[in-house]
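S.K.: Sequence and computational prediction follow.
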Amino acid sequence: MKRIRLARARARKHWTLEQAAEHLQVDINTISRWEQGKTTPHPYNVDRLCMIYGATAVDLGLEDELAQADVSSSTEDLSEADEKME
């Protein structure tokens, strides 16, 4: 599923894929795959996208990526806590 809002945010800045990639310090193909919905940006990059586009993850259509990261992080934290208690 294409991420239209992410592509529109880039278009509002009048940036090419190359310019966006330079700002994020990622490969141009990475930006393209994110916008096409082929891959999902890491939460770190979601934060960076929000910062450079001046938008929230919800505005960019990336809220699901952050929610999944929170769940994964919480699960990892619980696993580490269990290991320490043993």
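M.R.: Done, it's in. Numbers count the residues shown, from 1 in each chain.
S.K.: could you measure the residue most central in space within the chain against H14, distance?
M.R.: Within the chain, the residue whose C-alpha comes closest to the C-alpha centroid is V46; the distance, by Cα atoms, centre = their mean, is 2.7 Å. Relative to H14, V46 is positioned 22 Å away (criterion: Cβ to Cβ, to the nearest Å). All C-beta atoms are positioned from the backbone trio N, CA, C, and that covers glycine.
S.K.: all helices for the chain, in order.
M.R.: 4-12, 17-24, 28-36, 43-53, 63-85 (DSSP state H).
S.K.: ranking these by mean pLDDT, which is last?
M.R.: When those are compared on average pLDDT, helix 63-85 comes out lowest at a mean of 51.
S.K.: Against V58, how distant is E18?
M.R.: Taken as Cβ to Cβ, the span from E18 to V58 is 27 Å.
S.K.: quick one: the residue nearest to the centre of the chain and L62 touch, right?
M.R.: Yes. Applying Cβ atoms under 8 Å as the test, V46 and L62 come out as touching, 5.0 Å apart.
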